[in-house]
Every structure is written in structure tokens, then in C-alpha cells.
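1. Quick one, what's the 3D model for this:
(one chain, ligands or ions: 1)
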Amino acid sequence: MHLRLCQMKFCSFFFCCGRPSDWSEKGSGSSRWVFSLRELLSATNNFNYDNKLGEGESGSVYWGQLWDGSQIAVKRLRMLSEKAEQDFAAEVETMGRVRHNNLLSLRGYCSEGPEHLLVYDYMPNFSLYSYLHGPHSADRLLHWGRRMSVAIGSAEGIAYLHHHATPRIIHKKIKASNVLLDSEFRARVADFGLADLAPESAAQVATTVKGTQGYLAPELAISAKATESCDVYSFGVLLLELVSGKRSIEKSSTNQRLAIADWAFPLAREKRFDEIADPKLDGSYVKEELKRLVLVGLFCAQSQPQRRPTMLEVAELLKGGAKENLLFIQNDEMFRIQTTASSL
Ligand SMILES: Nc1ncnc2c1ncn2[C@@H]1O[C@H](COP(=O)(O)OP(=O)(O)OP(=O)(O)O)[C@@H](O)[C@H]1O
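-> Sure, this is the predicted structure:
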């Protein structure tokens, strides 16, 4: 059942008035849309191994610097769908039109010969994954205030994709490595629209690969058709990860795999919210906010898609609005003590 929220205000979004193709091709670095292969080769030192930021399913990502000094991340795409191959410019133009403070928008592209490259602003604070589980997890820079801001910001970014972008976009790969952090640790959801550029077979393979395991809505095992509600499920998992510092799926000492929602659910039902908190927070968090994130996370990560909220509702709940709706969730039958974990 969807919660009914009144009017939503999206203060942080802004529309891009002009079409990306209208942007000056000969303008300064910030107004460029079409890049030449030559300048991207020069910016990335010929896709030098030392410039490589990482590699995902769709290709490798390289750090680069343009002639004006601005730092970029260049995604070198590996496989394209036939449609995207035929008209790459038109396909990426839709992605370029989507603009929101919590989305990592496309800055430009290059399509020359076999090379298909996407250009983004470089995010100096890496990804949420790197602070939760990766090389920066020991830095303890992800204090509670930042976690709340990442939760709300990424919810607003995804809500924008679902409810305001034209055409609407289902992300399909919401996970901690796709939430990047800008210089102010503001969440920028990355990789939206990319699933639609991949060949169908590859997009389906993506639903089984390691990186997305634990985030996939259970209904995707039956039907490969992703919906907005699948993104809501993935976002619920992401929220629980953000609060607890645990991975979407943890392996126990006996090599058993435990989904994060199955671990957090009994603790939440018994109101043992403090035990869900990431030990790296050292107890420094706002109890009410932590409880809110856990309840909303579990409500999103329910197995029945029709019971999940929309991303607009999620954003409002996380911001602390719609108090009656949070109460409604808290009193839902799933959190009553008789409920068993299998009903999740
Ligand atoms: N704009 C960017 N600024 C800084 N780092 C980036 C940027 N874009 C991607 N990265 C980093 O590059 C690496 C590879 O990213 P990529 O999106 O290709 O893979 P992924 O998110 O790990 O997996 P997937 O392909 O499944 O989304 C990741 O570590 C990511 O954090």
C-alpha cells in the first residue's frame, strides 16, 4: 500500500532549459557537450593505467584534466545495444538533459570510430562504497550528519528520475558504488540511464553479477522487467547499509549468506535500533533519525512490491515530514512482534 503524501516540494532540482546539443561545441570547458577523442586522450594521458579510477560492468573509468584545469571522469563504454550503437548522440542526449543537484549529470560525450566515451565531472570524495567498505572506511569521515544528508540527497535524486525526468528513468543499479560524493560530501547518484545503453543480454547479466547482488528486488528473479519499485527496494538496502556499515549481503563465520534486511528486521521489531548502528559512529548519532532511516529502509526492502512506498514518499519521510506516515510504518503489522522474518 502506498502512503499518500500531500504536495511534494523539490527545492533542490533545477531544469536544464536548453538541449545539450544546443550547447556550444567551441565554448569553454564548462559548456562543452561534444568532445573530440583527441582531447580526451590528452586529458587522460591516453587512458593511462595510472589514471584509471576503476572498472564496472559498462566499462572503465579514467580521471582526466581538461585544458582549462577542470577535472573529469571519462567512462569508456565496452558494449552498446544496437540502438545505442546506431545513434549514440541521440541516446546520450536524453541522459544529458537530466539535471538535479543530487545526480551526477553527463557533462558530454565523444563518439569516434569504435570509441564511445561519456564525460562526467570528477567527484573528489569517491563513492559511498569506498567510505563504508572500501579504502576510506577507516577514515571515519562519514559522520552522522553526512549520512543523513547522503540518505536524503540520494532519495531526492532518485525521486527526480522516477517522477520528474522526461522520459522517466528507472535506475536499475542503485548501490553504494553508484552514489558518488562531491567536494562537500553531497550525494550524487551516478550511472542512471546507462542500463538502457547496454545490450539486452548484458543488462540481464547485470542482474546476476556480484556488484548488484543483495540490492535486487526478489521479483526480478521471476520477471526481468525492472520497475520504479525495484529501485525502491535497492534504495532500502542502501539505507540499511548507510546506517549499519554492513554490506548488502554479509557472510557469517559458517559461510552462510545473510541479507542486510533479514539481519536488521528482527532487531528493529524488538526496537533494538542501537544495535543496528554502525560501530564506527561510536554512538554519535541522533536516535530518532537512526530509527527513521531503519524503518524506512525496511519498509522499502519488503518483498512485496505493492507494499513499498514511492521514492517521493521516501524522500519526504527521510526529511522528517509526513510524521503520521512514519507512525503508520512504525505501527505496520510487519513490525509487530508476532510477525516472522519470512513475511518480509
Ligand atoms: N565521476 C566520477 N568521479 C570519481 N570517481 C568516479 C566517477 N565515476 C566513476 N567513478 C569511480 O570509478 C569506478 C568505476 O565506476 P563504474 O561506475 O564504472 O563501476 P561501478 O559503479 O563500480 O560498477 P557498475 O558498472 O556496476 O555501476 C568506481 O570506483 C567509481 O567510484
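2. What residue in the protein comes nearest to the ligand?
-> G56 (2.0 Å; CB to the nearest ligand atom). C-beta: built from backbone N, CA, C; applies to glycine.
3. what's the burial count for that residue?
-> 18 (other CB atoms under 10 Å).
4. Same question for the one 5 residues further on.
-> Residues within reach of V61, counting by other CB under 10 Å, total 20.
5. which residues does it bridge with?
-> G54, K75 (DSSP bridges).
6. Check the gap between it and A221 for me.
-> 29 Å (CB to CB, to the nearest Å).
7. P124 now?
-> On the measure of CB to CB, P124 and A221 end up 38 Å apart.
8. Equivalent analysis for C110, please.
-> Where A221 is concerned, C110 sits at a distance of 37 Å (CB to CB).
9. The two - which one has more neighbours?
-> Neighbour count, other CB under 10 Å: between C110 and A221, C110 has more, with 20 against 10.
10. What is the distance between the helix or strand containing the more buried one and the centre of its chain?
-> For C110, the element it lies in under DSSP states H and E is strand 106-112. Centre-to-centre, strand 106-112 and its host chain are 22 Å apart (CA atoms, centre = their mean, to the nearest Å).
11. in it, what counts as buried?
-> L106, R107, G108, Y109, C110, S111 (16 or more other CB atoms under 10 Å).
12. what's in contact with it?
-> 20, 32-37, 40, 72, 88-89, 92, 95-96, 116-121 (CB atoms under 8 Å, 6 or more residues apart in numbering).
13. Same check on stretch 121-140?
-> So stretch 121-140 is in contact with 63-64, 70-73, 104, 107, 141-142, 150, 175-183, 185, 187-188, 190, 238, 241-242, 245, 247, 280, going by CB under 8 Å, 6+ apart.
14. which residue ends up closest to the midpoint of the chain in space?
-> By CA atoms, centre = their mean, the chain has its centre lying nearest to I174, at 4.0 Å.
15. Pretty sure it sits against Y215.
-> Yes. Contact criterion CB atoms under 8 Å: I174 and Y215 qualify, at 6.4 Å.
16. which neighbours do these two share?
-> Common neighbours of I174 and Y215 (CB under 8 Å, 6+ apart) are S234, L238.
17. How about the residues of the stretch 1-150 of the chain by the ligand?
-> 53-58, 61, 73, 104, 120, 122-123, 126-127 (CB under 6 Å from any ligand atom).
18. of those, buried ones?
-> By 16+ other CB under 10 Å, those give L53, G56, E57, S58, V61, A73, L104, Y120, Y122, M123, F126, S127 as buried.
19. With respect to F335, which of these is nearest?
-> Nearest to F335 among those is S127, at 31.3 Å by CB to CB.
20. what sits opposite the closest one in the beta ladder?
-> Going by DSSP bridges, S127 forms beta bridges with L180.
21. Next one: it from W33, what distance?
-> Distance of S127 to W33, computed by CB to CB: 25 Å.
22. Can I get stretch 131-150 in PDB? Just the C-alpha atoms.
-> What follows is stretch 131-150, C-alpha atoms only, in PDB (Å, rounded to 0.1, in the frame of the first residue of the first chain):
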ATOM      1  CA  TYR A 131      33.700   5.100   2.800                       C
ATOM      2  CA  LEU A 132      31.500   2.300   4.000                       C
ATOM      3  CA  HIS A 133      33.600  -0.800   2.900                       C
ATOM      4  CA  GLY A 134      36.500   0.400   0.800                       C
ATOM      5  CA  PRO A 135      39.800   2.100   1.200                       C
ATOM      6  CA  HIS A 136      38.400   5.100   3.100                       C
ATOM      7  CA  SER A 137      36.300   3.200   5.600                       C
ATOM      8  CA  ALA A 138      39.000   3.700   8.300                       C
ATOM      9  CA  ASP A 139      38.900   7.500   7.900                       C
ATOM     10  CA  ARG A 140      35.700   7.800   9.800                       C
ATOM     11  CA  LEU A 141      34.700  10.800   7.700                       C
ATOM     12  CA  LEU A 142      31.100   9.600   7.300                       C
ATOM     13  CA  HIS A 143      29.700  11.100  10.500                       C
ATOM     14  CA  TRP A 144      26.000  11.000  11.200                       C
ATOM     15  CA  GLY A 145      25.200  14.400   9.700                       C
ATOM     16  CA  ARG A 146      26.800  13.300   6.400                       C
ATOM     17  CA  ARG A 147      25.000  10.000   6.400                       C
ATOM     18  CA  MET A 148      21.600  11.800   6.800                       C
ATOM     19  CA  SER A 149      22.500  14.200   4.100                       C
ATOM     20  CA  VAL A 150      23.500  11.300   1.800                       C
END
